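S.K.: give me the fold of what follows.
(one chain, ligands or ions: 1)
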Amino acid sequence: MNIAIAGCGYVGLVTGVCLAEAGHHVACIDIDRQKVIQLKKGSPPMYEPGLKELLNRNLEQGRIHFHTNGATAYPRADVLMIAVGTPQQADGQADLQYVFQAAKEMGTKAKTGAILVVKSTVPVGTGDQIDQLIHQELERKEPLSIASNPEFLREGSAISDTLRADRLVIGAETKIVLDQLEEMYADFHLPVVRTDRKSAEMIKYASNAFLATKISFMNEIASICEKTGADVEWVAQGMGLDQRIGSSFLRAGIGYGGSCFPKDTNALVQIAGHVSHDFELLKAVIKVNNEQRSGFIRSIQDRLGANLEGKKIALLGLSFKPNTDDMREAPSVPIAHALHQLGAKLVAYDPVATRHAARKLPDQVLFAQTIEEAIKGADAVCILTEWADIQSFPLSAYQDFMRQPIIFDGRNCHTLEAAALAEVEYHSIGRRPVSPIYM
Ligand code: UDX
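M.R.: You can find the predicted model right below:
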C-alpha cells in the first residue's frame, strides 16, 4: 500500500518505519524542515533503541521518504494517517489544532477510496468532527472514510511494542474499511479488535488512565506500607501473581511522567466533564501522582533538615523513565526545582538525557559526565530514574565517593539486604529505611 503519515514524532516515525519494514511504501510528512533533513539522512530526532537501524534499512531500500508537506504524498496514498501531537492546554484539554490542520489538507488532497486514519490520541468524537469538517465544511464530494487506530507504544521499546503489540485496535464505521486496515497490518500478525470509531478512541484513554491508576494505587499502598512496616515489593509480587491483577505497572516510585499518562489522564477528566461526569477516581489518581513527588522531598527534609542550604545532593537519572532521553513531565524536574528552592546544590547525571535536561533545568543543576563525578563529596543521593548503569552501580561505591552515604531511592533499584551489606543509609519507597549500625 501507499501510506502517508502526518507527523514524525514518536508515533508517526515508529509507525512509518514499521509499516515500511512490512513492505509498504511510506511517506512521512513533518513541517519541521530541520527534522525532515535529518531524517532523510537517516538520523532520528529522538533516542529510541532499534529505530535508527530500521530507518536506515528502509531508506536504503527506498520504502520510506520524508517531506515537509503532503503535496505529492497525500494524493497518491491509499491510507493517510494523522500522527501529529495533541498537546495539553492550560485547562487539561487536548489541543486538536494540528489534527484538524492535517485533516483539512488530507481532506482536500486525498484520492477517491482512500482512508484517513487518526493515530493521535484524540477525545471521543473527534473522528466524527473530522468527518463533518471534510464532508460539510470543506464540501468534499467523494466520501473519505475516517477511521481510528490508536497507538499503544512505549518510549524505549517503541519498535517492539509496534511490531509485537498486545493488540491492534481499529475503529471504523464500515466492514470494508476495517478489512483494509487489518490487511495493512497483516504482516504484524497481531490480535485485532475491530470496533466502531468512538470506542476505539475511548480504548486509548481508558487504557492509559487504567495503567496510571495501577501506578497511583501502588504508590498509595507504598505509603501505607511505610507506616505499617510492610514491604511494597513483596506486596506487589504477591498481588501480581494473581492473573486477574497482572504483575506489570505495580512498581511504586516517584510517580508516572512522560508524554502520555499525565496528558491523557487530565484529558479524560475533561472529556468526562463535558458529558457531566465527575471522574473522581481519576482525579484522585492525578492527585496521588503529584503527591508522590512532594512526599519524596519531605523524606529528604526529614533526614537532612527543612533547610538544605549548603547541602550537596546528587540526582541520578533525569529522563521520565530509562532508555529514553525524553524529559516531558519527568518527576526529576519538579524534584530538582523543589530541592533547589530549599537551598541544595544539585549535581545530576543521566546517561542520555543531559542535553534535554539542561534546557529544563538551566540554573538549578550542574551536570556530571559520570555517576562518580556526580556523587563525589555529596551529602545525599537521589535515584530518580532506574537506568541500568545506575541500578548496577555498586552500593559500596557510594561509601567511597560521598561525604556521607545517604541514598534516597525513588525507584527501588536495590534490595534492602544489599543496602544493609554495603553499610549505606538507604531510604526507598514503601519499604523500611536501612541504616548501618555504626551511624
Ligand atoms: C505509555 C503507555 O504505556 C503507552 O501504551 C502509551 O501509548 C503512551 O504512554 P510511556 O509513556 O512511553 O508509554 O511509558 P511507560 O513505560 O508506560 O511508563 C510511563 C510512566 O509510568 C513512567 O514515568 C514510568 O516510570 C511510570 N511507571 C511505570 C511507574 O511508576 N510504575 C510502573 O509500574 C510502571
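S.K.: can you give me the neighbour number for residue 204?
M.R.: Residues near residue 204, counting by other Cβ atoms under 10 Å, number 24. Bear in mind the C-beta positions are built from the backbone N, C-alpha and C, glycine included.
S.K.: so what's it closest to, chain neighbours aside?
M.R.: Excluding the flanking residues, the one nearest residue 204 by Cβ to Cβ, 6 or more residues apart in numbering is residue 150, at 3.5 Å.
S.K.: now do residue 31
M.R.: Using Cβ to Cβ, 6+ apart and skipping the chain neighbours, the partner closest in space to residue 31 is residue 68 (6.2 Å).
S.K.: show me where the stretch 1-150 of the chain has helices.
M.R.: For the stretch 1-150 of the chain, applying DSSP state H, counting those that start in this stretch gives helices covering 10-21, 33-40, 51-60, 73-76, 97-109, 126-132.
S.K.: give me every residue that touches residue 86.
M.R.: 94, 95, 96, 98, 99, 120, 121, 122, 263, 267 (Cβ atoms under 8 Å, 6 or more residues apart in numbering).
S.K.: now with 6 Å, please.
M.R.: 94, 120, 121, 122 (Cβ atoms under 6 Å, 6 or more residues apart in numbering).
S.K.: before we move on, the earlier item: redo the helices of the stretch 1-150 of the chain as a markdown table? Include mean neighbour count and mean pLDDT.
M.R.: Shown next, in a markdown table, are these (neighbours: other Cβ atoms under 10 Å; pLDDT from 0 to 100):
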| stretch | mean neighbour count | mean pLDDT |
| --- | --- | --- |
| helix 10-21 | 26 | 97 |
| helix 33-40 | 15 | 97 |
| helix 51-60 | 17 | 98 |
| helix 73-76 | 20 | 97 |
| helix 97-109 | 19 | 96 |
| helix 126-132 | 19 | 97 |
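S.K.: using neighbour counts, pick out the buried residues of stretch 394-414.
M.R.: Residues of stretch 394-414 classed as buried by neighbour count (16 or more other Cβ atoms under 10 Å): 395, 398, 401-402, 405-414.
S.K.: which two among those are spaced furthest apart?
M.R.: Farthest-apart pair in those is 401 and 412; separation 21.7 Å (Cβ to Cβ).
S.K.: residues of this structure that sit close to the ligand?
M.R.: Contact residues (Cβ under 6 Å from any ligand atom) of the chain with the ligand: 151-155, 208, 211, 215, 249-251, 253, 256-258, 260-261, 320-321.
S.K.: what's the domain layout of the chain?
M.R.: 2-195, 196-439 (automatic domain parsing).
S.K.: how far off centre is the longest one?
M.R.: What it means is domain 196-439. On the basis of Cα atoms, centre = their mean, to the nearest Å, domain 196-439 sits 15 Å off its chain's mean C-alpha point.
S.K.: out of the buried residues of stretch 394-414, the closest to the ligand would be?
M.R.: Distance to the ligand across these (Cβ to the nearest ligand atom) is lowest for residue 411, with 7.6 Å.
S.K.: distance check, residue 97 against the ligand.
M.R.: 21 Å (Cβ to the nearest ligand atom, to the nearest Å).
S.K.: could you report the distance from that residue to residue 192?
M.R.: According to Cβ to Cβ, to the nearest Å, residue 97 stands 31 Å off from residue 192.
S.K.: need the contact list for the residue nearest to residue 30 when sequence neighbours are not counted.
M.R.: Among residues not flanking residue 30 along the chain, residue 8 sits closest, at 3.9 Å (Cβ to Cβ, 6+ apart). By Cβ under 6 Å, 6+ apart, residue 8 lies in contact with 28, 30, 35.
S.K.: doesn't residue 328 fall inside a helix?
M.R.: No. Under DSSP: H, G, I helix; E, B strand; the rest coil, residue 328 falls outside any helix and is assigned coil.
S.K.: ok, now how distant is it from residue 336?
M.R.: Residue 328 is 15 Å from residue 336, by Cβ to Cβ.
S.K.: and stretch 153-162, how far out from the chain middle?
M.R.: Counting by Cα atoms, centre = their mean, stretch 153-162 is centred 10 Å from the centre of its parent chain.
S.K.: flag every buried residue along it.
M.R.: In stretch 153-162, counting by 16+ other Cβ under 10 Å, buried: 153, 155, 156, 158, 159, 161, 162.
S.K.: got it, and stretch 422-435?
M.R.: For stretch 422-435, a neighbour-count test (16+ other Cβ under 10 Å) marks 422, 423, 424, 425, 426, 427, 428, 429, 430, 431, 434, 435 as buried.
S.K.: got the phi and psi for the fourth one?
M.R.: In other words, residue 425. The phi and psi torsions at residue 425 (degrees, to the nearest 10) take the values phi -90, psi 120.
S.K.: for it, list each beta-bridge partner.
M.R.: In this entry, residue 425 is beta-bridged to residue 406, by DSSP bridges.
S.K.: give me the number of residues near residue 272?
M.R.: Look at residue 272: counted by other Cβ under 10 Å, it has 17 neighbours.
S.K.: no wait, residue 377
M.R.: 11.
S.K.: output stretch 377-387 in PDB with nothing but the alpha carbons.
M.R.: Provided in PDB are the C-alpha atoms of stretch 377-387 (Å, rounded to 0.1, in the frame of the first residue of the first chain):
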ATOM      1  CA  GLY A 377      31.500  14.700  48.200                       C
ATOM      2  CA  ALA A 378      27.700  14.600  48.200                       C
ATOM      3  CA  ASP A 379      25.600  14.700  51.400                       C
ATOM      4  CA  ALA A 380      22.900  12.600  49.800                       C
ATOM      5  CA  VAL A 381      22.000  10.900  46.500                       C
ATOM      6  CA  CYS A 382      18.500  10.800  44.900                       C
ATOM      7  CA  ILE A 383      17.900   8.000  42.400                       C
ATOM      8  CA  LEU A 384      15.200   9.300  40.100                       C
ATOM      9  CA  THR A 385      15.400   7.000  37.000                       C
ATOM     10  CA  GLU A 386      16.200   3.300  37.100                       C
ATOM     11  CA  TRP A 387      18.800   3.300  34.200                       C
END
